[in-house]
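[1] What shape does this take:
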Amino acid sequence: MGEGIMTGTTRRVALLEADAAVEISGEGARLVKIEVLETPGDSGAVALHVADEKLAQEVSFEMHIAYRSGLRETLPFFAVSSSTPSDRKPDSGMNFFEE
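    All right, here's what the predicted structure looks like:
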């Protein structure tokens, strides 16, 4: 499922190398804009800006990172709004709270 990000907010994500290629995929990708941030040293960072939308259920997305050194990683996230019930998405792992 990954790390949750509220709609209308921004999350800073540190990178291992400054010149990494970053892509977003998945159901919630349309909500996310990537901003490359200037950082000191050899590391890097991006800001993930999640659009301010009301969501009927969580929407997942993945951040794919490819480093010049050949290392690759995929980080899972999901977007949620303050009005989103936490047990509505099938297979979210939260539906066991239902009676």
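[2] measure the residue most central in space within the chain to residue 48 for me?
    For the chain, residue 77 is the residue whose C-alpha lies nearest the centre (C-alpha atoms, centre = their mean; 3.8 Å). Distance of residue 77 to residue 48, computed by C-beta to C-beta, to the nearest Å: 7 Å. The C-beta positions use only the backbone N, C-alpha and C, and glycine is treated the same way.
[3] related to what we said a few turns ago, give me the element the residue nearest to the centre of the chain is part of.
    Element membership of residue 77, judged by DSSP states H and E, is strand 72-80.
[4] other SSEs contacting that strand?
    With contacts defined as 3 or more C-beta pairs under 8 Å, 6 or more residues apart in numbering; DSSP states H and E, the secondary structure elements packing on strand 72-80 are strand 3-6, strand 59-66.
[5] Now do that strand against strand 59-66: the angle between them, please.
    With axes from the mean of the first three to the mean of the last three C-alpha atoms, to 10 degrees as the criterion, the two stretches strand 72-80 and strand 59-66 enclose an angle of 160 degrees.
[6] Let me see the ranges of the strands in the chain.
    If you assign secondary structure with DSSP state E, the strands in the chain sit at 3-6, 10-15, 21-25, 32-37, 44-50, 59-66, 72-80.
[7] any chance of those in TSV, with mean pLDDT too?
    Formatted as TSV, the entries for those read as follows, by pLDDT from 0 to 100:
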stretch	mean pLDDT
strand 3-6	95
strand 10-15	96
strand 21-25	97
strand 32-37	96
strand 44-50	96
strand 59-66	97
strand 72-80	96
